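**Student:** pasting the structure only:
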């Protein structure tokens, strides 16, 4: 791509001030109120949850419909294969990590979907819904009690289910706080580029 | 098949109007509102009656707030079936769309945040003379029927007759979605035709299904939602900024282009990164024929944070076919000649954004594309033209070898008002004018 001429003087290069939250060298923890947020700030679908030293994320816990455990477990393998076929299939979610867990409470089986990601979920909700449909993640959600059957066309109902089953953290910790997956990948790319460069200079 | 005979023309056809009048109305009694509506329904153009070669000299559009539907007598059960964002209205959701600080509803003009705002009558006219004639006629009509009052009005005029430009001087109306079923062919580089359900209720949308509609269906079918925004443009501040950022005319024009993503001629920076190309700007076969992912991934031509790259990220956004909107409107206020200092007259754009879901389309665009400071990992930026600016944000201009960063970007625009309207089809207008009687004639099951 061609470059262009930028005015010489006035578009001055700036020294970027480093906001406190981007100081990745200092591990940080954040205790979070019971509601999941510090001040009520309305997003499109409800209160916004804060970005913490452990980035954005949610922990959805819901009871599964009786007899569906095996199907849910098998879906794990399906998603593994889908990722092998297209490693970037979940890219729109800007994830760091996903953890899916099945566990018992009394006689009942529960599903936990814990995700750590870099976007505010409220902002990209519809993209997540579309992606869930595209990858079949919905096949798991449809096994959860109370999940709206018209979720594909009724985003507000889908979001309400997630919000109703979201268990906010009361503490989140980041060893390298507020660093996004994109920044980590950029740093690793740079490291590889430098490493290649040094190899070439031998 | 689109019901062209029932859908109001507003989102289907662009009229050759050079002047307009918006009248924001309140109904003192339901009967007055219904009488007013009954007398006007026949003047509302449809997708069928209004086309490119429309012989008319004026075009009427009618739309209602949620409070307005109630004021016309719609029952509470039906009112509750409208989506929450429409029921709340824009003023209640000001924080979501970025109307904070100087843009907050406390500072709005024209009673647009007032719950008494019930309806808008939009008049597009071929010229100012026709506009003035229609204004007088509407005044006379209102005084005849009584019980319907004008809360405020706004006159609009094209400031560059012959070519659509807004007050900052940028050429406008270069990109719009093509609706499936209209027969229009998308110009090169544009998205394929978008399913009608993205704009009109009752049709298949891009999810592949027909979403549930507000009830009764006679009211919602062929309707759309409109987000109205009156955006003041601070032309003096904009020109001062360009002069501070560039010593020569060429340098200033480049800064203006970097903010927008297009030169003021309309030529896109991705295709004309170094020098303006006015012929490219107006050539509809070429002016949209570009992407970002392959042609300008790092924004060396068109900055990632520029207005057009935020408000239409093309191939670099997910689900882009579900974020399309149809824009209508125009400029208001006098043009500020190039060599004249700021005169403090209010001037700007007063526009409607048409869609089938305010929360998924309009509010997403304002909340995320325009105002998310972390959009595409930018960190501390909002849309430089329409984002909520308070003098503390940046604008990054990727440049080799090191990016340039403009700090403390001033606000070039201020929201002076806004509202959410429902734009019903013609049958729905008649249904409302008749006192929403279909509900009584054919009771619905309410579970």
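**Tutor:** Structure's in. What do you need? Treat the numbers as computed from the prediction; the structure is a model and nothing was measured.
**Student:** Please make it C-alpha for all contacts and neighbour counts, starting now.
**Tutor:** Noted.
**Student:** Can you tell me what sits against stretch B:190-199?
**Tutor:** Residues outside stretch B:190-199 that contact it (Cα atoms under 8 Å, 6 or more residues apart in numbering or on different chains) are B:2, B:177-181, B:185-186, B:203-206, B:210, B:224, B:288-289, B:321-322, B:324-326, B:354-357.
**Student:** ok, now stretch A:182-191?
**Tutor:** By Cα under 8 Å, 6+ apart, the list of residues contacting stretch A:182-191 is empty.
**Student:** Centre of the chain to it, how far?
**Tutor:** 18 Å (Cα atoms, centre = their mean, to the nearest Å).
**Student:** Tell me the buried residues within the contacts of stretch B:190-199.
**Tutor:** Among the contacts of stretch B:190-199, those that count as buried by neighbour count (16 or more other Cα atoms under 10 Å in any protein chain shown) are B:2, B:177-180, B:186, B:203, B:205-206, B:224, B:288, B:321-322, B:324-326, B:354-357.
**Student:** can you map out the strands along the chain?
**Tutor:** In the absence of a named chain, this looks at chain A. In chain A, the strands defined using DSSP state E lie at A:28-31, A:56-63, A:95-105, A:108-117, A:171-174.
**Student:** um, chain B though
**Tutor:** B:19-27, B:58-64, B:119-125, B:148-157, B:224-233, B:326-332, B:348-355, B:395-397, B:404-406, B:413-423.
**Student:** Return only those of the contacts of stretch B:190-199 found close to chain A.
**Tutor:** residue B:210 (Cα under 8 Å from any Cα of the partner chain).
**Student:** returning to what we had before: rebuild the strands of chain B as JSON lines, extending it with mean pLDDT.
**Tutor:** Output for the strands of chain B, formatted as JSON lines (pLDDT from 0 to 100):
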{"stretch": "strand B:19-27", "mean pLDDT": "98"}
{"stretch": "strand B:58-64", "mean pLDDT": "97"}
{"stretch": "strand B:119-125", "mean pLDDT": "97"}
{"stretch": "strand B:148-157", "mean pLDDT": "98"}
{"stretch": "strand B:224-233", "mean pLDDT": "98"}
{"stretch": "strand B:326-332", "mean pLDDT": "97"}
{"stretch": "strand B:348-355", "mean pLDDT": "98"}
{"stretch": "strand B:395-397", "mean pLDDT": "97"}
{"stretch": "strand B:404-406", "mean pLDDT": "94"}
{"stretch": "strand B:413-423", "mean pLDDT": "98"}
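**Student:** For the closest residue to chain A within the stretch 301-447 of chain B, list each beta-bridge partner.
**Tutor:** Proximity of the stretch 301-447 of chain B to chain A (Cα to the nearest Cα) peaks at residue B:404, 5.0 Å away. Assessed by DSSP bridges, residue B:404 has beta-bridge partners residue B:397.
**Student:** in stretch A:86-95, what's buried?
**Tutor:** A:93, A:95.
**Student:** For the chain, give me the ranges with low pLDDT.
**Tutor:** Picked chain A for this. Scanning chain A for pLDDT under 70 picks out A:1-22.
**Student:** Chain B is the one I meant
**Tutor:** B:52, B:437-447.
**Student:** which parts of it sit against chain A?
**Tutor:** B:95-96, B:207, B:209-212, B:244-247, B:251-252, B:254, B:273-274, B:295-296, B:300-301, B:318-319, B:359-360, B:363-364, B:367-368, B:399-400, B:403-407.
**Student:** Throw together a PyMOL command that grabs the buried residues out of those.
**Tutor:** Applied in PyMOL, the following selects the buried portion of those according to 16+ other Cα under 10 Å:
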select buried, chain B and resi 95+96+207+211+245+246+251+252+254+273+296+300+301+318+319+359+360+363+364+367+368+399+404+405+406+407
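**Student:** Determine which of the strands of chain B approaches residue A:115 most closely.
**Tutor:** strand B:395-397 (30.5 Å; Cα to Cα).
**Student:** what sits against the closest residue to residue B:70 other than its chain neighbours?
**Tutor:** Closest residue to residue B:70 apart from its sequence neighbours, by Cα to Cα, 6 or more residues apart in numbering or on different chains: residue B:79 at 7.1 Å. Counting by Cα under 8 Å, 6+ apart, residue B:79 touches B:66, B:69, B:70, B:215.
**Student:** how near is residue B:79 to chain A?
**Tutor:** 17 Å (Cα to the nearest Cα, to the nearest Å).
**Student:** According to the record, where do the domains of chain B fall?
**Tutor:** The record's domain parsing of chain B by automatic domain parsing lists B:9-230+B:423-441, B:232-326+B:357-417.
**Student:** could you pull out the helices for chain B?
**Tutor:** Applying DSSP state H to chain B gives helices spanning B:30-40, B:66-71, B:76-79, B:84-88, B:94-97, B:128-145, B:217-220, B:235-245, B:249-260, B:278-282, B:307-311, B:363-364, B:426-433, B:438-441.
**Student:** Can I get those in CSV including distance to residue A:133?
**Tutor:** Shown next, in CSV, are the helices of chain B (distance: least, Cα to Cα, whole Å):
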stretch, distance to residue A:133
helix B:30-40, 43
helix B:66-71, 32
helix B:76-79, 31
helix B:84-88, 24
helix B:94-97, 27
helix B:128-145, 50
helix B:217-220, 27
helix B:235-245, 45
helix B:249-260, 35
helix B:278-282, 39
helix B:307-311, 25
helix B:363-364, 20
helix B:426-433, 34
helix B:438-441, 36
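**Student:** for those, which one sits closest to residue A:32?
**Tutor:** helix B:94-97 (22.8 Å).
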